[in-house]
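> pasting the sequence and the predicted model now:
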Amino acid sequence: MPELPEVETTRRGIAPYLIGERVSRVVVRDRRLRWPIPEDLDARLSGQRIEAVERRAKYLLIKAETGSLISHLGMSGSLRLVEAGLAAAKHEHVDIELESGLALRYTDPRRFGALLWSLTPLEHELLVRLGPEPLTDLFDGERLYRLSRGRSMAVKPFIMDNAVVVGVGNIYATEALFAAGIDPRRAAGGISRVRYVALAHEIKRVLAHAIERGGTTLRDFVGGDGQPGYFQQELFAYGRGGQFCKVCGSTLREIKLGQRASVYCPKCQR
């Protein structure tokens with residue numbers, strides 16, 4: 001699943017080609033995503049000038065003059081730029097054609113993503129209850145410490161809770177916990193303020209570095225410019241169960257936490 005750095009990489013890739021451009025038409029070949037694409041999307045978006053391309057958590061907000069397109073890439077979705085009118089392959093469900101001659105093409109083999117229209121996107125039911133962005137001053141170790149008191153759940157699913165902080169998915173939670181030296185199985189309520197300060201710092205660092213490196217290349221993700229990310233080769237823990245720890249040489253262990261695979265070092269993480 002594309003995580004926050006992949007979505008931010010997509011935003012940065014497509015924004016220069018969209019902002020200021022006018023939509024000529026919207027071609028919908030298959031409306032059957034996680035929620036059906038609105039029947040009137042072409043009528044609402046055609047003729048509109050795109051004013052901004054923003055991100056909230058893992059949602060992209062393509063802001064036009066009278067409303068916004070809310071996009072989520074789901075499990076396997078991607079947005080990339082192609083020439084308008086280019087023949088579509090299987091799973092290429094939507095083209096937003098621009099007067100510039102380019103089109104923003106939405107591809108989603110599993111159809112678990114979303115393209116929705118909203119007049120007030122930040123008040124939409126999918127976004128309104130989200131926690132703070134991790135790379136802002138609204139998120140810090142003090143927030144993690146405060147919200148974790150009395151919580152018996154493991155620390156890894158705790159920091160992946162979008163009500164606590166948005167965008168810390170499985171890859172980057174695994175990497176941040178490794179960098180902070182915290183065992184992902186530990187009870188969230190049993191971790192000290194000092195260690196949460198360190199964890200918040202590592203969450204910010206790991207996410208910022210992944211964005212700089214273009215996200216993490218997984219099976220399906222491709223950036224908005226058609227180029228994959230390159231953070232995967234720098235992973236210390238995620239996807240490396242049974243391999244050696246790059247820090248101490250111990251064998252990394254893989255377990256299940258909250259139905260998700262989790263890898264940790266039994267020596268470096270306590």
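That came through fine.

> so which bits of the biggest helix by length in the chain are buried?
Longest helix in the chain, counting residues (DSSP state H): helix 193-212. Within helix 193-212, the residues scored as buried using 16 or more other Cβ atoms under 10 Å are 195-200, 202-204, 206-207, 210-211. C-beta: built from backbone N, CA, C; applies to glycine.

> and if you look at stretch 151-165?
Buried residues in stretch 151-165 (16+ other Cβ under 10 Å): 151, 154-161, 164-165.

> mean confidence score for that stretch?
Over the span of stretch 151-165, the pLDDT mean works out to 97.

> kindly report the same for stretch 243-253.
Here the average pLDDT along stretch 243-253 is 97.

> how long is it end to end?
With Cα to Cα, to the nearest Å applied, stretch 243-253 spans 8 Å between its terminal residues.

> what about the strands in the stretch 151-270 of the chain?
253-257, 260-264 (DSSP state E, counting those that start in this stretch).

> tell me which of the ones you listed lies nearest to residue 132.
Among these, the nearest to residue 132 by Cβ to Cβ is strand 260-264 (22.3 Å).

> coming back round to it: reformat the strands of the stretch 151-270 of the chain as a markdown table; add mean neighbour count and distance to residue 35.
Converted to a markdown table, the strands of the stretch 151-270 of the chain look like this (neighbours: other Cβ atoms under 10 Å; distance: least, Cβ to Cβ, whole Å):
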| stretch | mean neighbour count | distance to residue 35 |
| --- | --- | --- |
| strand 253-257 | 14 | 29 |
| strand 260-264 | 20 | 24 |
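
> let me have those in CSV, extended by distance to residue 180.
What follows is those, written out as CSV (distance: least, Cβ to Cβ, whole Å):
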stretch, distance to residue 180
strand 253-257, 16
strand 260-264, 11
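
> then the helix or strand where residue 143 lies to PDB, C-alphas only?
Here residue 143, judged by DSSP states H and E, is contained in helix 141-148. Extracted as PDB, the C-alpha positions of helix 141-148 are listed here (Å, rounded to 0.1, in the frame of the first residue of the first chain):
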ATOM      1  CA  GLY A 141       6.900  13.000  21.700                       C
ATOM      2  CA  GLU A 142       4.800  14.800  24.300                       C
ATOM      3  CA  ARG A 143       1.600  14.000  22.300                       C
ATOM      4  CA  LEU A 144       2.600  10.300  22.000                       C
ATOM      5  CA  TYR A 145       3.400  10.100  25.800                       C
ATOM      6  CA  ARG A 146       0.100  11.800  26.700                       C
ATOM      7  CA  LEU A 147      -2.200   9.700  24.500                       C
ATOM      8  CA  SER A 148      -0.400   6.500  25.400                       C
END
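
> tell me the mean pLDDT for that helix?
On average, helix 141-148 scores 98.

> how about residues contacting that helix?
The contact list for helix 141-148 (Cβ atoms under 8 Å, 6 or more residues apart in numbering) reads 132, 155, 158-159, 164-165, 188-189, 191-193, 196-201.

> same thing but 10 Å
131-132, 140, 155, 158-159, 161, 163-165, 187-201, 203 (Cβ atoms under 10 Å, 6 or more residues apart in numbering).

> any idea how far the longest helix of the chain is from the chain center?
Computed by Cα atoms, centre = their mean, to the nearest Å, the separation of helix 193-212 from the middle of its chain amounts to 16 Å.
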